[in-house]
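Trainee: Predicted structure and sequence below. I'll ask about it afterward.
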Amino acid sequence: MSFDRAAMDRLIAAHGAVVRVVVAEVAGSTPREAGAAMLVWAGGQEGTIGGGALEFEAAARARGMLSGRADRVDRMALGPALNQCCGGAVVLLSEVWDRARLGAVTGAVVARPLPGGAGEMPLSVRRIVARGRGEGVRPVARVVQGWFVEQVAEPSREIWIWGAGHVGRALVAVLAPLPGFRLTWIDTDAGRFPEVPEGVVQRIAANPAMLVDEAPPGAEHLVLTFSHALDLELCHRLLGHGFGALGLIGSATKWARFRSRLKALGHPDARISRIRCPIGQPELGKHPQAIAVGVAADLLINKDKKDMTGSRLDGEGCAAGP
């Protein structure tokens, strides 16, 4: 997890000051890892630190801070006092953030002393900050000599979703809340989209295939438009453009025809075989949400490989159409 400056900016603009509650340290069995955070304002919250009673109490304390504006740190055992049986312990850092404070955050690493601490930034923390800014080293969230250090969130993976039909909508609904993804969602007309989630880039083009050249070469693509002809053109252009991964919705029959047509267009078998068809995990079923869950699982499991193909290059079975 990391410091999500974009989410904080959006919520501060909507609600004024917010309290960010972040898990600074963990010991033993805990609901979430260090760095997990939630943002709390008078009328609601976003994100989660997990733990049921732990989160409920932390949110209540956070709302009480909105008037006094004093940061705090709480060390909590997840035992009988909280009516929980995890057996571990957490350190929660709760901080009040407004636009001025957020505006002072620069660089890829955020480091500040825990409430009650003071003094010069320790050398070990200065080194972490310097490596983050100079070398791009992304630190894990942790407490270092009384200072809390974490990285600023930056989407590390570009996901382009071609089509705003039922499956496209399900995919965006599942993927948009996940950290680390920047979603670009493309279709032919604004009326084909439902409400587009915050942070998702909407693109509209009479011929979406004309936008392929704008995609980063390492982007990962999910092709699931209303038209097989458009799907084929997108695959053709993406094979020539380059991609990190490419998934195509469809049946085994559709994929066999596409392989033949793409080969006739001059693409070698090895390149064509990088396309995953069907997408997701067919054993989960053909419901749009089931397809979306399978695709999300593939993306998360293969996050280091940046490849949706997993171990099944050809993909037996059939997936639902868009």
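Mentor: Received it, and whenever you're ready, just let me know what you need.

Trainee: Go through stretch 91-107 and flag the buried ones.
Mentor: For stretch 91-107, the neighbour count (16 or more other C-beta atoms under 10 Å) marks V91, L92, L93, S94, E95, V96, W97 as buried. (C-beta placed from N, C-alpha, C; glycine too.)

Trainee: tell me which of those is nearest to V143?
Mentor: V91 (7.0 Å; C-beta to C-beta).

Trainee: okay, the host helix or strand of that closest one in PDB with CA atoms only?
Mentor: Counting by DSSP states H and E, the element that carries V91 is strand 89-97. Taking Å, rounded to 0.1, in the frame of the first residue of the first chain, the C-alpha atoms of strand 89-97 are listed here in PDB:
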ATOM      1  CA  ALA A  89      -1.100  -5.800  17.500                       C
ATOM      2  CA  VAL A  90      -1.100  -2.700  15.300                       C
ATOM      3  CA  VAL A  91       0.200   0.800  15.500                       C
ATOM      4  CA  LEU A  92      -2.300   3.300  13.900                       C
ATOM      5  CA  LEU A  93      -1.100   6.700  12.800                       C
ATOM      6  CA  SER A  94      -4.000   9.200  12.400                       C
ATOM      7  CA  GLU A  95      -3.300  12.500  10.700                       C
ATOM      8  CA  VAL A  96      -5.500  15.400   9.700                       C
ATOM      9  CA  TRP A  97      -4.800  16.500   6.100                       C
END
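
Trainee: Spell out which strands sit alongside it in the sheet and which way each one runs.
Mentor: strand 18-27 (antiparallel), strand 72-77 (antiparallel) (DSSP bridges).

Trainee: weakest of those in terms of mean pLDDT?
Mentor: Mean pLDDT values for those show the minimum at strand 72-77, a mean of 90.

Trainee: what does that one contact?
Mentor: By C-beta atoms under 8 Å, 6 or more residues apart in numbering, the residues outside strand 72-77 that reach it are 24, 54, 58, 61, 65, 82, 88-94, 114-116.

Trainee: which regions of the stretch 51-200 of the chain sit below the pLDDT cut-off?
Mentor: 51, 79-86 (pLDDT under 70).

Trainee: Show me where it has its strands.
Mentor: Assigned by DSSP state E, counting those that start in this stretch, the stretch 51-200 of the chain shows strands spanning 72-77, 89-97, 109-113, 142-144, 147-151, 157-162, 181-187.

Trainee: Quick check: which of the ones you listed is nearest to E283?
Mentor: Nearest of the strands of the stretch 51-200 of the chain to E283, taken as C-beta to C-beta: strand 157-162 at 22.5 Å.

Trainee: Identify all contacting residues around that closest one.
Mentor: Residues from elsewhere that reach strand 157-162 (C-beta under 8 Å, 6+ apart): 168, 171-172, 175, 180-187, 208, 215-216, 218-225, 231, 234, 244, 299, 303, 306.

Trainee: which of those residues count as buried?
Mentor: Applying 16+ other C-beta under 10 Å to those, the neighbour count classes 168, 171-172, 175, 181-187, 208, 215, 219-225, 231, 234, 244, 299 as buried.

Trainee: Please enumerate the helices of this structure.
Mentor: 5-15, 53-68, 99-103, 123-134, 166-175, 228-241, 252-264, 269-272, 288-301 (DSSP state H).

Trainee: Kindly reformat those helices as CSV and extend each row with distance to Q151.
Mentor: What follows is the helices of the chain, written out as CSV (distance: least, C-beta to C-beta, whole Å):
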stretch, distance to Q151
helix 5-15, 11
helix 53-68, 22
helix 99-103, 16
helix 123-134, 7
helix 166-175, 21
helix 228-241, 31
helix 252-264, 40
helix 269-272, 35
helix 288-301, 19
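
Trainee: most packed of these?
Mentor: Most buried of the helices of the chain, by mean neighbour count (mean count of other C-beta atoms under 10 Å): helix 166-175, with a mean of 22.

Trainee: and the end-to-end length of stretch 136-154?
Mentor: Stretch 136-154 has an end-to-end distance of 12 Å (C-alpha to C-alpha, to the nearest Å).

Trainee: What residues sit buried inside it?
Mentor: Per 16+ other C-beta under 10 Å, stretch 136-154 contains these buried residues: R138, P139, A141, V143, W147, F148, V149, E150, Q151, V152, A153.
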